[in-house]
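Enquirer: Requesting a structural model of the entry that follows:
(one chain, ligands or ions: 1)
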Amino acid sequence: MNTEKSPHFVFLVGFMGAGKTSVGQALSRRLGWAFEDLDDRIQTRESETIEHIFRTAGEAAFRIAEREAVRELLAEVAASPRVVALGGGTFADPETAFLLQGTGFPIIFLDASVEELWRRCCEQALERPLRQDLDQFTELYHRRHPHYLRASLRVETGGKAIETIATEVARVLGLG
Ligand code: S3P
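Expert: Coordinates of the predicted model:
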């Protein structure tokens, strides 16, 4: 991992409910870096909500749109330092993961038990096309987990407050 590049990008990966967006926002405030949510970039590029893309074009089309958004984002690495929250499936897509790993920037896996991830998602009023029932959610989590483990670093988030996790991430990055 090359963390000597400047300016820095940090990518946050993990399953739905991992806290990628909220921890990313807290981390960006702490570091004084910009924050970006990849899903927002996809929605802007496609002029559609994520939910609509899934419903009308399907997951395969979403993954292509997601990969294109990542390519566009990576063309901006010379811009200001940025904390980037990826989607739950971004790093589980081998082609997209390859692009991200090729940057040499740190990729942080935010993990928690599947029960806690499910509970957090149930508490959020967010439309998530790939969250159906607990069995489906659990199966998808286990299928993706080996992909997430290819991240540079793993941070356990279970039972922790957002600010605590952001502090921990800053520390593992050597920026705390
Ligand atoms: C997805 C997770 C979502 C979003 C899309 C697909 C996934 O992001 O990118 O619905 O494949 O797990 P969050 O992880 O932020 O919910």
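
Enquirer: Near the ligand, which residues of the chain? Just list them.
Expert: 16, 20, 39, 50, 87-89, 128-130 (Cβ under 6 Å from any ligand atom). Any C-beta I mention is one placed from the backbone N, CA and C, and that applies to glycine too.

Enquirer: Ranking by neighbours, what's the top pick from the residues you listed?
Expert: residue 20 (28 neighbours; other Cβ atoms under 10 Å).

Enquirer: Now that one. Its backbone dihedrals?
Expert: phi -60, psi -40 (degrees, to the nearest 10).

Enquirer: Isn't it up against residue 13?
Expert: Yes. Applying Cβ atoms under 8 Å, one finds residue 20 in contact with residue 13, separated by 7.0 Å.

Enquirer: which residues are common contacts for the two?
Expert: 86, 110 (Cβ atoms under 8 Å, 6 or more residues apart in numbering).

Enquirer: So which residues of this structure form helices?
Expert: Along the chain, the stretches classed as helices by DSSP state H are 20-31, 38-46, 50-57, 59-74, 94-101, 114-123, 134-148, 162-172.

Enquirer: Any chance of TSV for those, columns mean pLDDT?
Expert: Below are the helices of the chain laid out as TSV (pLDDT from 0 to 100):
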stretch	mean pLDDT
helix 20-31	98
helix 38-46	98
helix 50-57	96
helix 59-74	98
helix 94-101	98
helix 114-123	96
helix 134-148	98
helix 162-172	97
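
Enquirer: so which of those helices is the most packed in?
Expert: Of all these, helix 20-31 carries the top mean neighbour count, a mean of 21, counting by mean count of other Cβ atoms under 10 Å.

Enquirer: between that helix and helix 162-172, how big is the angle?
Expert: For helix 20-31 against helix 162-172, the angle by axes from the mean of the first three to the mean of the last three Cα atoms, to 10 degrees is 60 degrees.
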